[in-house]
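*Asks:* Model the following, please.
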Amino acid sequence: MRRFPLRVKITLWFTSALLIVVLFTYISVLSVSNQILQKTIRDNLIETVENNYNEIRFYSDISDMDLSEKSGHFLKFESGYLEVNDDFLDEVNRVYTSITSSDYVLLYGENPISLSTKDIKFIDSRIQTLKIDGTNYYVFDRKLNSKGLDSLWIRGIVSEEQGSVQMTAIIRLSLILMPIIVIISCLGGYNIVKETLKPIHEISETARHIGEENDLKKRIELGPGNDELHRLADTFNDMFAKLDANFETQRRFISDASHELRTPMSVISAQCELSLENPGSPQECENAFRVISRQSGKMSKMINDMLDFTRLEGDPERYKFEKIDLTELVNSVCEDLALIGEKGIKLEYSAEEGVVIDGSRELLSRLITNLVVNAYRYGKEGGRIWVELKTQDKKVLLSVRDNGIGIKKEEQEKIFERFYQSDASRSGAGAGLGLSMASEIARFHGGKIMVESEPEKGSTFTLVMNL
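*Replies:* The predicted model follows:
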């Protein structure tokens, strides 16, 4: 069973369930139909006898009557005559009616089992059952109460097998129609299942194509629709899009990292080769060692930054959240960074008292440091940096403002990308990971960093987080 396609399994299950329902319905219909038919036979027997009850008259003398005007039949009975109207039906729909004396003598009509009716007594207005040769007969008697008729009975007899013809027709029709209904239902069900599972086949084929061709740009095309399978396809498409974007980011990251690491490696390698070929004076050797040390330090910082990115993205749980006095953290970090004094830039800071949030002290310290160091890096000689922490509308606002070289409008959306540097002339000043790391830390804390900048007027980076 496991080797069968899903649509075959569903169709077989559906067919089995349908067959059970059809058989149950068939048996129920036959049972109910038989009961209804037997009741109809009995009702018909009573109705026929009752209709014939009023079609009999007794006359003590008919010599003065014009018999040519009478449409009935006259029978000699005791001291008079019986008139049986033509409306008296002695047999209709296999219901037999007869006029019988109290001593079971048949006077008029038909009685297919007259020799056996003596075995069943007359009982007025009640159906009795008589079994002869394995066949059940219904017997219904009505006593005639008119003058001269009080010793007569109308007896109606019908076999319960009268319904066999109708039942046979019902059975024959059922045996023809029900298989046809089952076959049509199965074929229709198979087609419905096939069409229903078609999107799943499309999803499977697309996933297989992506797996074999490594083509994450491939999408599942099901056309318009809003059912569960279309929503599933949309979910897969969103997942493929995110995976594609992540892989593109990883490829770009690896490419950029390789490019950034290649430069210091080339410098170190060239310096080493030059020193080995021409050792030179002690001063030249010292200068060479300083170059190697500077480039290796740059590589070490870049590698550490990339490791931090990997840890933050791959193992965020290593950074535990706790209650942090952000006021104290900002003051502490800025107090240390103010000692840098790079390019004669002066750092000023102010922090609102009592700002406490949930977060990682290590990561938030890194974020503040990266923003301030970035301001130093792109600040002007003798410039200023302003750091401000405040709360507003249940949000924490931490801004780092400088009056440096600023950022062009078209570059402001790119500066948070890894290894991107807005000022190409200062490419040697950093690896372009500081702002992207700060942005990732902000996102990790449920916040974001916004930037406002004008070339030659400075930039303001604002961290926004919920309290």
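
*Asks:* wait, isn't F247 in contact with K217?
*Replies:* No: F247 lies out of contact with K217 (C-beta atoms under 8 Å); the separation is 10.4 Å. Backbone N, C-alpha and C define where each C-beta goes, glycine included.

*Asks:* what about the residue nearest to G280 when sequence neighbours are not counted, how many residues close to it?
*Replies:* With sequence-adjacent residues excluded and distances taken as C-beta to C-beta, 6 or more residues apart in numbering, G280 is closest to A288, at 7.9 Å. A288: 18 surrounding residues under other C-beta atoms under 10 Å.

*Asks:* Kindly list the main-chain dihedrals of A288?
*Replies:* Phi and psi for A288, reported as degrees, to the nearest 10, are phi -60, psi -40.

*Asks:* so what's it up against?
*Replies:* 271-272, 274-275, 280 (C-beta atoms under 8 Å, 6 or more residues apart in numbering).

*Asks:* just how off-centre is the helix or strand containing F236 within its chain?
*Replies:* Taking DSSP states H and E as the definition, F236 sits inside helix 228-277. How far helix 228-277 lies from its chain's middle: 37 Å, per C-alpha atoms, centre = their mean, to the nearest Å.

*Asks:* Distance check, F444 against L364.
*Replies:* 10 Å (C-beta to C-beta, to the nearest Å).

*Asks:* between these two, which one's more packed in?
*Replies:* Using other C-beta under 10 Å, the more surrounded residue of F444 and L364 is L364, with 24 against 18.

*Asks:* Pretty sure that one sits against L329.
*Replies:* Yes: under the criterion of C-beta under 8 Å, L364 makes contact with L329 at 6.3 Å.

*Asks:* which residues in the stretch 301-450 of the chain form strands?
*Replies:* Using DSSP state E, counting those that start in this stretch, the strands of the stretch 301-450 of the chain run over 322-325, 346-351, 356-359, 384-392, 395-402, 448-454.

*Asks:* ok so, going back, roughly how far does the residue nearest to G280 sit from S269?
*Replies:* To S269, A288 is 12 Å away according to C-beta to C-beta.

*Asks:* and the two most separated of the contacts of A288?
*Replies:* For those, the maximum inter-member distance is 13.1 Å, found between C272 and G280 (C-beta to C-beta).

*Asks:* From what I see, A375 and D402 are in contact.
*Replies:* Yes: with contact defined as C-beta under 8 Å, A375 reaches D402; the gap is 4.0 Å.

*Asks:* hey, what's in contact with both of these two?
*Replies:* Counting by C-beta under 8 Å, 6+ apart, the contacts common to A375 and D402 are 345, 385, 459.

*Asks:* Which per-residue confidence value corresponds to the first one?
*Replies:* Looking back up the chat, that one is I345. For I345, the model assigns a pLDDT of 92.

*Asks:* Just give me the neighbour total for it.
*Replies:* 21.

*Asks:* how about it, what does it touch?
*Replies:* By C-beta under 8 Å, 6+ apart, the contact list for I345 reads 375-376, 379-385, 402.

*Asks:* go with 7 Å
*Replies:* 376, 379, 383-385 (C-beta atoms under 7 Å, 6 or more residues apart in numbering).

*Asks:* out of those residues, which is most surrounded?
*Replies:* Most surrounded of these: other C-beta under 10 Å gives I385, at 25 neighbours.

*Asks:* Got phi/psi on E91?
*Replies:* Dihedral angles (degrees, to the nearest 10) for E91: phi -150, psi 120.

*Asks:* any idea how far it is from S98?
*Replies:* The gap separating E91 from S98 is 10 Å, by C-beta to C-beta.

*Asks:* Mind listing the shared neighbours of these two?
*Replies:* Joint contacts of E91 and S98 (C-beta under 7 Å, 6+ apart) are E110.

*Asks:* Look at these two and report which has more neighbours.
*Replies:* For E91 versus S98, the count of surrounding residues by other C-beta under 10 Å is larger for S98: 21 against 13.

*Asks:* Let me see the contact set for the more buried one.
*Replies:* With C-beta under 7 Å, 6+ apart, S98 has these contacts: 90, 106, 108-111, 155.

*Asks:* Among the residues you listed, which ones are in strands?
*Replies:* 106, 108-109, 155 (DSSP state E).

*Asks:* which of the residues you listed are buried?
*Replies:* 108-109, 155 (16 or more other C-beta atoms under 10 Å).

*Asks:* Just the closest of the residues you listed to M437, please.
*Replies:* Taking C-beta to C-beta as the measure, M437 lies nearest R155 of those, at 109.6 Å.
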